[in-house]
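Engineer: this is the structure alone, sequence omitted:
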């Protein structure tokens, strides 16, 4: 509350407020005097669902109020209050705009998280807001507020209410329908949000039906909307292809923008917001736009100034100055320019507008370069992030891979298992002379070929090896995805496989612990006998030493699960559960100083850290018990940027598996940063 009051009492904010009130008291814009105030006064005298027909039947101008039900309802309460107080409808109109202006200021403050001084300059004192709203009396602030509110509700995961707010924005000004495809693409292409699309559509459709019903059945409403000359502006910029055929540039650019957004496989909120603002900016620049249309791009320009360097503010200041000059030239009466010719006046106005469009296009290019190209999700969308997980049989590869899938969500992860590339069913006699650990017993070339295809974004035909029956299943289609996890005995064996991974992990479990877990799994889950499992240990050991364990040298991260003390395995039972420690070795370091502080301070763990060599390899030894909640909190502190890649409700694990999730995420974050640098 203190910070809120500090914003209200800031000298710059008070100056902006005084300027607004002064302009409202001093000026009487023509649009308000001739159209809006008379319409509101006339239609507020009697309650009706068809204010447009009521206005036209009274002999009103057809151009007075070409807006939907939501726009009318925004001004109606204050119009009634003004009439009761003996004030004019123009006061009610200006007061409603001022309230919405204040609401949009604080909404942007919440949407953009702070920086009150910059927001005061970028929005509250912006000529792009003050001139069209208080000098010209235009009402584009209304749909922009509802559109910004829809964005804010979307970010807060209030899906249905976001749809409601967007429907109100569209009802207030039909041009806001331009935003709808971008909302749908954002929700559909972001797999973690796709299940929320029906909730958004429910709020949108119900509200549209409620607000559009009076308009649809109103002949006067249709006449006022479609008779509005502003609608035809989108068709003025065109290339003639023949006597009766033209290509309209604005619809063409808009369709291409929608397609470009569709081609981005995954959008995060910042990228979605930038694309949405850019398409509004292009529409404004490529049409003889009403001065009020420039309000549509204000949220984009404000957010861009937040995220960019001071140079961007100078560009936007120049753009705003050219806008003011263009408006001023358009307001000068012809009689005041009797000393020159109309052609000269038109040339000057056109040159200023040309400079305005040029500066706007430069801004669009800068925003596309800085906001879109540098966005993490945009970079991820061009190529999946691939994780390789290798380890000996019984090391916990499937369990670990499933835990990583639980963080990103099954909708965003494709799992490729090396077991599915065994050359023969379990009953084949070749297994009498060869073990699964031998690369010759596996189709590693097929494994590599399919992984390359998935990495390239193409689907593959795969088969699943059933450990219960020992047989391969029928082929099925396996699609690529945002995250690909390739796990198997030989996941790091071939150089071409290692080249595919953005992050490679080796599970180097303690040998006695591995044998204990493998015995539990193969006997109780896969139906093998104890004797068979025990005999397989000795038979597979040479292949493990020769083919499996050397793969740890190629891993970015080695995770070694060990018992606190070797004797605990022999004593393990229901009364004496196993207790573990985790040894993590990182080839390139793992933000180990912050990680150690968080593991000790947040999770209450014991951590020993040491550098293994001069090449930057780091080893952490972690002991203790951690809850899933502690692991989630630690992840938010260590790698906050990665959180937006995760599922809406990531499945955090407790204990050592949760710590392995945390270490893997820290490396994913590091690998993403490294990938962006390269």
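Structural biologist: Great, that's in hand. Predicted, not measured: the structure shown is a model, and the values here were computed from it.
Engineer: just checking, which helix or strand of this structure averages the lowest pLDDT?
Structural biologist: Here the helix or strand of the chain ranked lowest by mean pLDDT, DSSP states H and E is helix 567-571, holding a mean of 59.
Engineer: show me where pLDDT drops low in the stretch 501-650 of the chain?
Structural biologist: 514, 517-538, 565-577, 588-590, 612-616 (pLDDT under 70).
Engineer: tell me the strands in it, going along the chain?
Structural biologist: Under the criterion DSSP state E, counting those that start in this stretch, the stretch 501-650 of the chain contains strands at 503-507, 557-563, 580-586, 606-611, 618-623.
Engineer: what pairs with the second one, parallel or antiparallel?
Structural biologist: By that I understand strand 557-563. Take DSSP bridges as the rule and strand 557-563 pairs in its sheet with strand 503-507 (parallel), strand 580-586 (antiparallel).
Engineer: on that earlier part again, for the strands of the stretch 501-650 of the chain, which one ends up most surrounded?
Structural biologist: Highest mean neighbour count among the strands of the stretch 501-650 of the chain (mean count of other CB atoms under 10 Å): strand 503-507, with a mean of 26. Just so you know, the C-beta spots here come from the backbone N, C-alpha and C atoms, and that holds for glycine as well.
Engineer: give me the residues contacting that one.
Structural biologist: Outside strand 503-507, the residues within contact range by CB atoms under 8 Å, 6 or more residues apart in numbering are 385-392, 395-397, 400, 491-492, 498, 551-552, 554-561, 664, 667-668, 671.
Engineer: try 6 Å
Structural biologist: Contact with strand 503-507 is made by 387-391, 395-396, 492, 551-552, 555-559, 667-668, 671, as judged by CB atoms under 6 Å, 6 or more residues apart in numbering.
Engineer: tell me which entries of those residues lie within helices.
Structural biologist: Per DSSP state H, helices hold the following members of those: 667-668, 671.
Engineer: most surrounded residue in those?
Structural biologist: Among these, the one with the most neighbours (other CB atoms under 10 Å) is residue 667, at 25 neighbours.
Engineer: tell me the pLDDT at that residue?
Structural biologist: pLDDT, residue 667: 89.
Engineer: let me see the contact set for it.
Structural biologist: Contacts of residue 667 by CB under 6 Å, 6+ apart are 503, 557.
Engineer: one more: residue 423?
Structural biologist: Counting by CB under 6 Å, 6+ apart, residue 423 has contacts 441, 443.
Engineer: how far is stretch 639-659 from where the chain is centred?
Structural biologist: Stretch 639-659 sits 18 Å away from the centroid of its parent chain (CA atoms, centre = their mean, to the nearest Å).
Engineer: revised request: answer the last question for stretch 619-637.
Structural biologist: Relative to where its chain is centred, stretch 619-637 has its mean C-alpha point 27 Å off (CA atoms, centre = their mean).
Engineer: and the nearest residue to residue 208 once chain neighbours are set aside, how far is that from residue 652?
Structural biologist: Spatially, and ignoring its direct neighbours in sequence, residue 208 is nearest to residue 167 (4.6 Å; CB to CB, 6 or more residues apart in numbering). Applying CB to CB, to the nearest Å, the value for residue 167 to residue 652 is 36 Å.
Engineer: those two: which is more packed in?
Structural biologist: residue 167 (27 against 23).
Engineer: what about the more buried one, which helix or strand?
Structural biologist: helix 159-172 (DSSP states H and E).
Engineer: would you list the phi and psi of the residue positioned nearest the centre of the chain?
Structural biologist: Nearest to the mean C-alpha position of the chain, by CA atoms, centre = their mean, lies residue 268 at 1.2 Å. The phi/psi pair for residue 268 (degrees, to the nearest 10) reads phi -100, psi -180.
Engineer: wait, isn't it in contact with residue 644?
Structural biologist: Yes: with contact defined as CB atoms under 6 Å, residue 268 counts as touching residue 644 (5.2 Å).
Engineer: for these two, list the residues in contact with both.
Structural biologist: If you check residue 268 and residue 644 against CB under 6 Å, 6+ apart, no residue is contacted by both.
Engineer: separation between the residue nearest to residue 218 when sequence neighbours are not counted and residue 224?
Structural biologist: Of all residues not flanking residue 218 in the chain, residue 50 sits nearest, at 4.5 Å (CB to CB, 6+ apart). Distance from residue 50 to residue 224, counting by CB to CB: 11 Å.
Engineer: coming back round to it: out of the strands paired with strand 557-563, which comes closest to residue 639?
Structural biologist: When those are compared by CB to CB, strand 503-507 sits nearest residue 639, at 12.8 Å.
Engineer: who are the contact partners of residue 298?
Structural biologist: Here residue 298 is in contact with 128-129 (CB under 6 Å, 6+ apart).
Engineer: use 22 as the first number for this chain going forward.
Structural biologist: Yep, numbering from 22; the last one is residue 319 now.
Engineer: that one: what secondary structure?
Structural biologist: Secondary structure, DSSP: H, G, I helix; E, B strand; the rest coil: residue 319 is helix.
Engineer: separation between it and residue 237?
Structural biologist: Separation of residue 319 from residue 237 (CB to CB): 31 Å.
Engineer: before we move on, back to that, quick one: the strands of the stretch 522-671 of the chain as JSON lines, columns for distance to residue 351 too.
Structural biologist: What follows is these, written out as JSON lines (distance: least, CB to CB, whole Å):
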{"stretch": "strand 524-528", "distance to residue 351": "58"}
{"stretch": "strand 578-584", "distance to residue 351": "63"}
{"stretch": "strand 601-607", "distance to residue 351": "63"}
{"stretch": "strand 627-632", "distance to residue 351": "67"}
{"stretch": "strand 639-644", "distance to residue 351": "65"}
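Engineer: right, and those strands - which one's nearest residue 114?
Structural biologist: strand 524-528 (58.4 Å).
Engineer: could you pull out the helices in the stretch 322-471 of the chain for me?
Structural biologist: Per DSSP state H, counting those that start in this stretch, the stretch 322-471 of the chain carries helices over the ranges 331-352, 363-388, 397-403, 418-429, 465-476.
Engineer: so how far is the first one off the chain centroid?
Structural biologist: Spelled out, that is helix 331-352. Remark: helix 331-352 is offset 30 Å from the chain centroid, using CA atoms, centre = their mean.
Engineer: what's the answer for the third one, then?
Structural biologist: Mean-position distance between helix 397-403 and its chain equals 11 Å (CA atoms, centre = their mean).
Engineer: ok, the fourth one next?
Structural biologist: On the basis of CA atoms, centre = their mean, helix 418-429 sits 23 Å off its chain's mean C-alpha point.
Engineer: can you give me the mean pLDDT across it?
Structural biologist: Mean predicted confidence for helix 418-429 is 93.
Engineer: stretch 88-102 too?
Structural biologist: For stretch 88-102, the mean pLDDT works out to 91.
Engineer: quick one: buried residues of it?
Structural biologist: For stretch 88-102, the neighbour count (16 or more other CB atoms under 10 Å) marks 88-93, 95-97, 99-100 as buried.
Engineer: next: stretch 302-316.
Structural biologist: Counting neighbours by 16+ other CB under 10 Å, one finds that the buried residues in stretch 302-316 are 302-308, 310-316.
Engineer: residues in contact with residue 573?
Structural biologist: Counted by CB under 6 Å, 6+ apart, residue 573 has contacts 527, 529, 579.
Engineer: measure it to residue 48 for me?
Structural biologist: Distance of residue 573 to residue 48, computed by CB to CB: 75 Å.
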